[in-house]
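Trainee: mind looking at a prediction? Sequence and model below.
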2 protein chains.
Amino acid sequence: MALIVKKFGGSSVANAERVLHVASIIAEDYKKGNNVVVVVSAQGDTTDDLIEKANEINPDGSSKRELDMLLAAGEQISIALLAMALEKMGLPALSLLGWQAGFETDSHHGIARIKRVNTERIRNEIAKRNIVIVAGFQGINKYDDITTLGRGGSDTSAVAIAAAMKADVCQIYTDVDGVYTADPRKVDNARKMDEITYDEMLELATLGAQVLNNRSVEMAKKYNVELEVLSSLENKPGTIVKETVNMEKTLIRGVAKDTNVACISVVGLADKPGTAFKLFNKLAQFEINVDIILQSVGRDGTKDITFTVPKDMGKTAVEALSSMKDFLKYKDLTIDESVAKISVVGAGMESHPGVASKMFEALFDASINIHMISTSEIKISVLIDSENADRAVKAVHDAFFD
Amino acid sequence: MALIVKKFGGSSVANAERVLHVASIIAEDYKKGNNVVVVVSAQGDTTDDLIEKANEINPDGSSKRELDMLLAAGEQISIALLAMALEKMGLPALSLLGWQAGFETDSHHGIARIKRVNTERIRNEIAKRNIVIVAGFQGINKYDDITTLGRGGSDTSAVAIAAAMKADVCQIYTDVDGVYTADPRKVDNARKMDEITYDEMLELATLGAQVLNNRSVEMAKKYNVELEVLSSLENKPGTIVKETVNMEKTLIRGVAKDTNVACISVVGLADKPGTAFKLFNKLAQFEINVDIILQSVGRDGTKDITFTVPKDMGKTAVEALSSMKDFLKYKDLTIDESVAKISVVGAGMESHPGVASKMFEALFDASINIHMISTSEIKISVLIDSENADRAVKAVHDAFFD
């Protein structure tokens, strides 16, 4: 008998039919004698519909406290419906809101961090053999106000419960059946991995694989929660995410593409100490994440700094730097939004120096120009023109997996 | 500076435009320096939509605990939107769910009774000059589970807060501008009353005036909360409901019609002790409210019992009695659903014996036959054919008010 935490996203519970299907997945594990805690997101478009209602009232933007109050109603609806579906099957189920399930967070409405999960209520219900359905994405702060965890919050909720309850596994159900070596919709011979490490998953998530939310993987790594990514539509094993995996012969785990990238160039900066610090400090004030950075010395005692930011932060970054023009004394400031970042990830590459050259060779053979390069212990990323992105993923994937 | 509790029903906050209008009503009182606590119901059709979702999942009926969880999301949405509307006007507003506002109830899901309102949070917010928006209709039980108060629950929520906070007045906004001497849509010369007593209002509510929920009036009477019924569409005084009012010359307060009535006749019962007791005990087991009762002795040592029940309970009542046929040994069991109850209500009639005869005379002059009569200290009700109901109201109203 195991304790299993299962998480279902909004599309998995989008309508009555899907809710009933999810209930059947839960029932199967419960009837084997397992204890089951389920975390659910809001149904399909509910969150978007609620945001639309808020915008109708106040197009200038409502307070985050009231937005959290509004949005938290979404999961309240889905947990009740899922509990009803299980009741219909004759199973003892019970829904709990974030605060009822013991989710205590800080007070950063809209992007709250979980401080503690007081699992007493969940434990009591599990002891009575109830299936517990928990509202993901939400909690309360020390003032008893409703908070939400932000993007991917339900994944984080699920991992937090699994960590606090020392669950045997935390299963994240999605519309794909696992983690692939590349996007299977784009690369024909992409392979599903049986296992992957937390660190590899983190790099893949950051790099746009879009299977698991990063915060949830970080938390799983910290508390050593075994994750499984699997499909709610097909009844078969998915990909296990854990601390160490059997590396076998594979050097790399996957090839990821990230097109949410803009490349900003600041040309002809005065080459004096503190310039780069002031520049990036300014961006940090606007909470802009800078990724790859390239600095080159120009002529006439000037230098150029080129860096990438998420595409939706590009405009803000340019405005921030424009406001510093008098201080930075740059000659030119440009932004290129037609770029993409292609990365290979794998814990095995550390001890195999040939990985980078194999990747660059594959891109060269495909006549794809590399603008920037960034490396870490388990990852190599290159910036290329976005029009070549899919071709690049395929070329690199073929080089390593064929 | 006064403390005012305002309650707005679902139709008053049905869409963004109405929410903004309600916000402007609140703003007006707040800007005069008053402290304002607002109780809101779920938007327009939200509750019906949620019930529809539950029926899609489990047409056989879900548990009341999960239904309460589901339905409570409705007010959560409306309170957040109303707080946003006030924020947009630059006013400090804050929404609170039933549990956050301190509503502690018993555990009768779907029809929970308020045990206590712990107003600490509301008081703190009021002290900061915040406008507090409270979700009506909901609370939590001792297990921290969400409960709902049932029909008219938001009125009750508003009165409970007004009682606990010793508010100066509890204003119930509706789509009519007050309490009338008869239904103004049916009786041309119906007059709006400036004042009415709790007892009169209770009789009128019970009798189908449909302005205020009975539980809320009972609670207002118990805690001596001054109520005002007024329109959310027109900016003018409504009707005040309080303990004693200036009776002036009027004997009666209003004429009410109730068409949610069925008349059941049990004919030829054995005339032995305990028959009536057993009969009504059976109906009580099915939670059927019996109103007017008429017992007549028939021939051959038998008797007939005729009584009225709410129309929607008629079928259940007949089935319950059919199942007792062997014991009751009645000859015939009939139900008449084409009846209506017409009542005159007024604290003044106690000391004026002519009221009943004046009412009967008016009906006689209009050639309307009376089937049954029931009287209390402040009310006289008659049962007539429903096809004559509107004519009867007009005739009786004219007799007293013209």
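Mentor: Nice, I can see it.

Trainee: start and end of stretch A:136-155, how far apart?
Mentor: End-to-end distance of stretch A:136-155 (Cα to Cα, to the nearest Å): 8 Å.

Trainee: enumerate the positions of it that are buried.
Mentor: By 16 or more other Cβ atoms under 10 Å in any protein chain shown, the buried positions in stretch A:136-155 come out as A:136-141, A:145-150, A:152-155. C-beta: built from backbone N, CA, C; applies to glycine.

Trainee: for the residue in the stretch 201-350 of chain A that chain B sits nearest to, give me its contacts.
Mentor: Residue nearest to chain B within the stretch 201-350 of chain A: A:Ser232 (16.9 Å; Cβ to the nearest Cβ). Neighbouring residues of A:Ser232 by Cβ atoms under 8 Å, 6 or more residues apart in numbering or on different chains: A:Phe8, A:Ser12, A:His21, A:Val22, A:Ile25, A:Tyr173, A:Thr174, A:Asp175.

Trainee: just the ones in helices from those, please.
Mentor: Applying DSSP state H to the contacts of A:Ser232, the entries found in helices are A:His21, A:Val22, A:Ile25.

Trainee: mind listing what the first one touches?
Mentor: A:His21 is in contact with A:Ser232, counting by Cβ under 8 Å, 6+ apart.

Trainee: one more: the second one?
Mentor: A:Val22 is in contact with A:Phe8, A:Ser12, A:Val13, A:Leu82, A:Ala85, A:Tyr173, A:Ser232, counting by Cβ under 8 Å, 6+ apart.

Trainee: would you check which pair of these lies furthest apart?
Mentor: Longest distance between any two of these is 15.0 Å, between A:Ala85 and A:Tyr173; criterion Cβ to Cβ.

Trainee: which of the contacts of A:Ser232 has the most neighbours?
Mentor: Most neighbours among these, by other Cβ atoms under 10 Å in any protein chain shown: A:Phe8, with 28 neighbours.

Trainee: so which residues on chain A come close to chain B?
Mentor: Within chain A, the positions adjacent to chain B are A:16, A:19-20, A:50, A:53-54, A:56-58, A:60, A:62-63, A:65-67, A:69-70, A:72-74, A:76-77, A:79-81, A:83-85, A:87-88, A:94-95, A:97, A:100, A:121, A:144-146 by Cβ under 8 Å from any Cβ of the partner chain.

Trainee: what about 7 Å?
Mentor: For chain A, the residues in contact with chain B (Cβ under 7 Å from any Cβ of the partner chain) are A:16, A:19-20, A:50, A:53-54, A:56-58, A:62-63, A:66, A:69-70, A:72-73, A:76-77, A:79-81, A:83-85, A:87-88, A:95, A:100, A:144.

Trainee: could you list the buried residues of the helix or strand of chain A with the lowest mean pLDDT?
Mentor: The helix or strand of chain A with the lowest confidence, counting by mean pLDDT, DSSP states H and E, is strand A:293-297 at a mean of 80. Within strand A:293-297, the residues scored as buried using 16+ other Cβ under 10 Å are A:Leu294.

Trainee: for the helix or strand that comes right after it, packing partners?
Mentor: Downstream of strand A:293-297, the first helix or strand assigned by DSSP states H and E is strand A:302-310. Helices and strands touching strand A:302-310, as assessed by 3 or more Cβ pairs under 7 Å, 6 or more residues apart in numbering or on different chains; DSSP states H and E, comprise strand A:261-270, strand A:293-297.
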